[in-house]
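*Asks:* Would you be able to build a 3D model of this:
(chains A and B)
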Amino acid sequence: MTVLAVPRRARRLGWHVACVALLALLLYPIVWLLGTSFKPPEEVTSSLSLLPENWEWSNYTDALAGIGGTSFWRFLTNSVVVAGGAVIGNVISCSLAAFAFARLRFRLSGPLFGFMIATIMLPHHVVIIPQYAIFQQMGMVDTFWPLILPKFLATDAFFVFLIVQFMRGIPGELDEAARIDGCGPIRTFWYVMLPLIRPALITTTIFTFIWTWNDFFSQLLYLNSPENYTLPLALRLFIDQTGTSQYGPMFAMSVLTLVPIGLFFLAFQRFLVEGVSTSGLKG
Amino acid sequence: MVVATPVRSASPAGGAERPVRRRRPGGGIAYLFLSPWIAGALLLTIGPMVASLYLSFTDYDLFSSPSWVGLENYRRMFTEDGRFLTSVWVTLKYVLIAVPLKLALALAVALLLNRRGTRRGQGLYRSAFYAPSLLGASVSIALVWRTLFGDGAAFERGLAALGWETGGWVGQPQYALFTLIFLAAWQFGAPMVIFLAGLKQIPSDLYDAVAVDGAGRWQTFRTITLPMLSPVIFFNLVLETIHAFQAFTPAYVVSGGRGGPSDATLFYTLYLYQRGFTDFRMGYASAMAWVLLIAIAIVTAVIFRSARLWVFYTDDKGKS
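*Replies:* Alright, predicted model coming up:
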């Protein structure tokens, strides 16, 4: 140890202290949510302590019982179906479109690509009313179709762009070799490209899942009856019907709603952070 | 955002002779791959855009056919509808405060994490700071905010202990919007990760050079870090601004769907939703959507224009 090592170590310690302090401030609302989900109603607003004095486990059984005759498991299943459908739709349709833009030659490729980029910037609100009218005409309001079908039509252009960018990093010699071996574009896509773009597909999967899981606006528009509600809508219903008296179960349900996102985050945090830094994805 | 057109091969299109080996295949098969996207673009983007432009000049309640009213919706918006003007003002305040605050925090924390020589734990902190960006968009966290900043909750009591009686921010018109601004700023993780990636691209010999010249910390930041990072700042600014204009969920949840108290959190999108889907004034809501589109386009164009003055591109950008 040199003499210089001591101040450097002190400085490093100071850095860690700053980071941990910031982290504590940042995670406070989440820890508060966890603690409150175990508190009896009178403690929610009266006690400032993060941990409950009396642990109220029944908050969770109340949350699982659901609201208005519809159980939590139903809401969970609905959310899983919607998010799962969205993931499958986005992965298929966006990778197909991306392959055409990145690897195939066709006359309109320039203008179409430009249009695709422009739709990333387009506020959803400009198309939402006619879209709603279309789905209403087709009798699809209050079903999951309006939430899943658009994903099979690659309307999340952001992911098309993300996969195009990823494909551009893959050497063209690979698909050329496949072509010389007699592969057409379809087989090249399936056997050569798909295995290589797996990281981009994983990023697409994770973000589509989390965004759909958290999505409130479109689910609020299209789902009307409680048995079709997803978790965000169920949470809102919970406040509307029980007011403030049911704080404990409401926060227990909030925790349960965040669990899948938390698990995704823990499992894929490397992918998530790298996906953001390379492509500018929004959280 | 890196906008680039697909690379074309050099050979002229539509030649009669057999394609050369290096030419990429395409033609009909490309449209097969694109067919889902094309169907989506026609049915769910272009068609609806044309329709909503038309509807914006009509009275339309979704159930009877639309009746043409010309510019009436637009006229009423700007001259008669006080709530519309309120929602514009609320949204502008939100964008103008939340976006700079969030970006400043993101940059500050990115600089903190990027300190050289203190690499251990960096990845862990980076992931942990990013977590709120994923959770923050959810109804669950909006509910937490609604309660934390409500009357009698931790935040209000903390302020009261410091001698500032507010009676809970959620219920007070002069403070309610700041609840939502805090929620936006709390999600600084996504731009922070992008800033970090940008900071890592700055060549370290630049820092060595100014260190030799004896530059202090602030001078180094101002002459090296800030200009070198300006393309990333620009990117984050555009992205966050567009995003902030469209905020909906937090305002809806925190105000119980009403945009209250006294319309203090009546975001533009929230008012659009009310007009369209609770009042069934679909023509009016369509007109509002077009005003939003034009406003975002103008703001984005202004940011792009201003970029010439402050965004600094090195010639060999992208070489690293």
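*Asks:* Quick check: which ranges of the stretch 101-250 of chain B have low pLDDT?
*Replies:* B:116-119 (pLDDT under 70).
*Asks:* residues of the longest helix anywhere in chain B that come out buried?
*Replies:* Looking across chain B with DSSP state H, the single longest helix is helix B:82-113. For helix B:82-113, the buried set under the neighbour-count rule, 16 or more other Cβ atoms under 10 Å in any protein chain shown, comprises B:84, B:86-88, B:90-91, B:94-95, B:97-99, B:102-103, B:105-107, B:109-113. For every residue, glycine as well, the C-beta is placed using N, CA and C.
*Asks:* from those residues, which are also near chain A?
*Replies:* The residues of the buried residues of helix B:82-113 that also fall near chain A, by Cβ under 8 Å from any Cβ of the partner chain, are B:109, B:112-113.
*Asks:* Closest one to B:Leu177 out of those, please.
*Replies:* B:Val109 (23.7 Å; Cβ to Cβ).
*Asks:* which element is A:Val91 on?
*Replies:* Remark: A:Val91 resides in helix A:72-103, with elements defined by DSSP states H and E.
*Asks:* I'd like to know which elements that helix is packed against.
*Replies:* Counting contacts by 3 or more Cβ pairs under 8 Å, 6 or more residues apart in numbering or on different chains; DSSP states H and E, helix A:72-103 is packed against helix A:58-65, helix A:109-121, helix A:145-152, helix A:157-168, helix A:198-214, helix A:231-242, helix A:247-279, helix B:28-40.
*Asks:* now for the ones you listed, which one comes closest to B:Ser65?
*Replies:* helix A:145-152 (22.0 Å).
*Asks:* what comes into contact with that closest one?
*Replies:* A:82, A:85-90, A:92-93, A:131-132, A:135, A:138, A:140, A:208, A:212, A:215, A:218-219, A:221-223, B:36, B:40, B:44 (Cβ atoms under 8 Å, 6 or more residues apart in numbering or on different chains).
*Asks:* what's the angle from it to helix B:28-40?
*Replies:* Here helix A:145-152 runs at an angle of 150 degrees relative to helix B:28-40 (axes from the mean of the first three to the mean of the last three Cα atoms, to 10 degrees).
*Asks:* burial of the residue lying closest to B:Ser262 once chain neighbours are set aside, as a residue count?
*Replies:* Excluding the flanking residues, the one nearest B:Ser262 by Cβ to Cβ, 6 or more residues apart in numbering or on different chains is B:Pro173, at 4.3 Å. Residues near B:Pro173, counting by other Cβ atoms under 10 Å in any protein chain shown, number 12.
*Asks:* my guess is B:Pro173 meets B:Gly259, correct?
*Replies:* No: applying Cβ atoms under 8 Å as the test, B:Pro173 and B:Gly259 come out as separate, 11.1 Å apart.
*Asks:* and the residue of the stretch 101-250 of chain A at minimum distance from chain B, how many neighbours?
*Replies:* Here the stretch 101-250 of chain A gets closest to chain B at one residue, A:Leu153, 2.8 Å apart by Cβ to the nearest Cβ. The local packing of A:Leu153 (other Cβ under 10 Å) involves 21 other residues.
*Asks:* thinking it is in contact with B:Gly40, fair?
*Replies:* Yes: A:Leu153 lies in contact with B:Gly40 (Cβ under 8 Å); the separation is 2.8 Å.
*Asks:* Between those two, which contacts overlap?
*Replies:* Common neighbours of A:Leu153 and B:Gly40 (Cβ under 8 Å, 6+ apart) are A:Ser93.
*Asks:* Tell me which residues of the helix or strand harbouring A:Val17 come out buried.
*Replies:* Using DSSP H and E, A:Val17 sits within helix A:5-36. Residues of helix A:5-36 classed as buried by neighbour count (16+ other Cβ under 10 Å): A:12, A:15, A:19, A:22, A:26, A:29-30, A:32-36.
*Asks:* Equivalent analysis for stretch A:183-203, please.
*Replies:* For stretch A:183-203, by 16+ other Cβ under 10 Å, it's A:183, A:185, A:188-189, A:192-193, A:197, A:200-201, A:203.
*Asks:* out of those residues, who's nearest A:Phe158?
*Replies:* For those, the nearest to A:Phe158 is A:Thr203 (10.8 Å; Cβ to Cβ).
*Asks:* quick one: pLDDT of B:Ser11?
*Replies:* Note for B:Ser11: predicted pLDDT of 42.
*Asks:* One more: the one 5 residues further on?
*Replies:* Reading off the per-residue confidence, B:Ala16 sits at a pLDDT of 45.
*Asks:* residue boundaries of the helices in the stretch 51-200 of chain B?
*Replies:* Ranges of helices in the stretch 51-200 of chain B, per DSSP state H, counting those that start in this stretch, are B:72-79, B:82-113, B:122-135, B:139-148, B:154-161, B:176-186, B:189-200.
*Asks:* hang on, the earlier thing: and the helix holding A:Val91, which residues are buried?
*Replies:* A:72, A:74-76, A:78-79, A:82-83, A:85-87, A:89-91, A:93-103.
*Asks:* Stretch B:123-141 now?
*Replies:* Neighbour-count burial for stretch B:123-141 flags B:125-141 (criterion: 16+ other Cβ under 10 Å).
*Asks:* is it anywhere near chain A?
*Replies:* Yes: shown here: stretch B:123-141 in contact with chain A (Cβ under 8 Å from any Cβ) through B:125-141.
*Asks:* re earlier: okay, the helices of the stretch 51-200 of chain B in TSV with distance to A:Ser277 next?
*Replies:* Below are those laid out as TSV (distance: least, Cβ to Cβ, whole Å):
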stretch	distance to A:Ser277
helix B:72-79	41
helix B:82-113	11
helix B:122-135	9
helix B:139-148	23
helix B:154-161	32
helix B:176-186	20
helix B:189-200	4
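*Asks:* Looking at those, which is nearest to B:Ala289?
*Replies:* Nearest of those (Cβ to Cβ): helix B:72-79, 10.9 Å.
*Asks:* Pull out the buried positions in the closest one.
*Replies:* In helix B:72-79, counting by 16+ other Cβ under 10 Å, buried: B:73-74, B:77.
*Asks:* same thing with stretch A:173-184?
*Replies:* A:175, A:178-179, A:183.
*Asks:* In contact with B:Lys102, which residues?
*Replies:* Per Cβ under 8 Å, 6+ apart, neighbours of B:Lys102: B:184-185, B:187-188, B:191, B:240.
*Asks:* For the least confident helix or strand in chain A by mean pLDDT, buried residues please.
*Replies:* Every helix and strand in chain A was compared by mean pLDDT, DSSP states H and E; the lowest is helix A:41-46, with a mean of 75. Neighbour counts over helix A:41-46 (16+ other Cβ under 10 Å) mark A:43-45 as buried.
*Asks:* just these that are near chain B?
*Replies:* A:44-45.
*Asks:* And the buried residues of helix A:41-46, which is closest to chain B?
*Replies:* For these, the nearest to chain B is A:Thr45 (4.7 Å; Cβ to the nearest Cβ).
*Asks:* Next up, phi/psi of the closest residue to that closest one other than its chain neighbours, please.
*Replies:* Excluding its sequence neighbours, the residue lying closest to A:Thr45 (Cβ to Cβ, 6+ apart) is B:Gly152, at 4.7 Å. The phi and psi values for B:Gly152, taken as degrees, to the nearest 10, are phi 80, psi 0.
*Asks:* For burial, what's the neighbour tally of B:Gly152?
*Replies:* By other Cβ under 10 Å, neighbour count at B:Gly152 equals 13.
*Asks:* Which among the helices and strands packed on helix A:72-103 is found nearest to B:Leu196?
*Replies:* helix A:247-279 (6.6 Å).
*Asks:* residues of the closest one that come out buried?
*Replies:* Here helix A:247-279 shows A:247-258, A:260-261, A:264-265, A:268-269, A:271-273, A:275-279 as buried, counting by 16+ other Cβ under 10 Å.
*Asks:* For A:Asp142, which non-adjacent residue is spatially closest?
*Replies:* Leaving aside its sequence neighbours, A:Asp142 sits nearest to A:Asn224 (Cβ to Cβ, 6+ apart; 4.5 Å).
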